[in-house]
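1. Following is a predicted model, sequence given first.
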Amino acid sequence: MLKIAVLISGGGTNLQSIIDSIENNYLNCCIECVICDKAGAFGIDRAKKHDIKTFVIDKKEHGVALSDKILEIVNEKVDLIVLAGFLSILKGDILKRFHNKIINIHPSLIPSFCGKGMYGIKVHERALEYGVKITGCTVHFVDEGTDTGSIIIQKAVKVLEDDTPETLQKRVLEQEHKALSEAIKLISEGRVKIEGRKIKIV
Ligand code: GAR
């Protein structure tokens, strides 16, 4: 069974979607731990409610050592790291040790509205300002760049004329929850083949 660590920074609805997918037997995997970079985040309560081990590695306290602290926790214990609304950037050894074993969910169709400083509601504000007619979400592998790794799954969402950043975020989130579980399932079934920077689902 695939063992995963889920990394979060906030409310944890994506974490909740993974928990639900495991509990309703869509996913055959096990959450070994939830790691949060922000004390007091609601996602920690969600994990505790389901008896999942939690660690808080506060970003402000640990600074550049954050990635190494996380590596200490997950090393040799998990097969896959899932960034589910995790807003710190992982750096250093963890990227080598978990090469092609870290995935991230981003609330846009990469390569639009992504990269440094693009997260959460800001992504939807930029999409609306730009006037795109379609946005969505992307699950991708994590590499040394920010949101630059190979794309596993994307889901499209139509932008409506009266959308606000909040209404758009809500509809994109619904698709994120599906996309993230689907990606984990594909990986757990060995169906994700990496060919250069392209990914084939077999
Ligand atoms: C999600 O929309 C996720 O895609 C986004 O943060 C939100 C977290 O929500 N992540 C990023 O913007 C990363 N660049 P959640 O805590 O309810 O899962």
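-> Alright, I've got the coordinates.

2. and whatever residue of the chain ends up closest to the ligand, backbone torsions?
-> In the chain, the residue that lies nearest the ligand is residue 85 (2.6 Å; C-beta to the nearest ligand atom). Where C-beta positions appear, they are placed from N, C-alpha and C, glycine not excepted. Phi and psi for residue 85, reported as degrees, to the nearest 10, are phi 80, psi 40.

3. burial count for it?
-> The local packing of residue 85 (other C-beta atoms under 10 Å) involves 26 other residues.

4. The one 5 residues further on now?
-> Other residues within reach of residue 90, judged by other C-beta under 10 Å, total 21.

5. Now do the closest residue to it other than its chain neighbours against residue 184, distance only.
-> Nearest non-adjacent residue to residue 90, counting by C-beta to C-beta, 6 or more residues apart in numbering: residue 67, 4.9 Å away. Using C-beta to C-beta, to the nearest Å, residue 67 is found at 22 Å from residue 184.

6. Check residue 174 too.
-> Distance from residue 174 to residue 184, by C-beta to C-beta: 17 Å.

7. Please identify which of these two sits among more neighbours.
-> It is residue 184, of residue 174 and residue 184, that has more neighbours when counted by other C-beta under 10 Å, with 26 against 14.

8. what's the helix or strand for residue 35?
-> strand 29-36 (DSSP states H and E).

9. which residues are in contact with whatever helix or strand comes next after that strand?
-> For strand 29-36, the following helix or strand on the C-terminal side (DSSP H and E) is helix 42-49. Contacts to helix 42-49, defined as C-beta atoms under 8 Å, 6 or more residues apart in numbering, come from residues 6, 8-12, 15-16, 19, 31, 34, 36, 53-54, 56, 85.

10. And those residues, which of them are buried?
-> 6, 8-12, 15-16, 19, 31, 34, 36, 54, 85 (16 or more other C-beta atoms under 10 Å).

11. tell me which of the residues you listed is nearest to residue 97?
-> When the buried ones among the contacts of helix 42-49 are compared for distance to residue 97 (C-beta to C-beta), residue 6 comes out closest, at 17.5 Å.

12. what's the helix or strand for that closest one?
-> Per DSSP H and E: strand 2-8 holds residue 6.

13. Adjacent strands (with direction) for that strand?
-> The strands beside strand 2-8 in its sheet (DSSP bridges) come out as strand 29-36 (parallel), strand 80-83 (parallel).

14. tell me which parts of the chain are close to the ligand?
-> Within reach of the ligand by C-beta under 6 Å from any ligand atom, the chain has these residues: 8, 10-14, 43, 84-85, 87, 105-107, 119-120, 123, 173, 176.

15. how about 5 Å then?
-> 10-14, 85, 105-107, 119-120 (C-beta under 5 Å from any ligand atom).

16. In helices, which of the residues you listed appear?
-> Counting by DSSP state H, the residues of the chain next to the ligand place 13-14 in helices.

17. before we move on, the earlier item: list every C-alpha atom in the strand holding residue 6, with coordinates, as CSV.
-> Taking Å, rounded to 0.1, in the frame of the first residue of the first chain, the C-alpha atoms of strand 2-8 are listed here in CSV:
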residue,chain,number,x,y,z
LEU,A,2,1.3,3.4,-1.0
LYS,A,3,2.4,5.4,2.1
ILE,A,4,2.0,9.2,1.8
ALA,A,5,2.8,12.3,3.7
VAL,A,6,0.4,15.2,3.1
LEU,A,7,1.9,18.7,3.5
ILE,A,8,-0.5,21.6,4.2
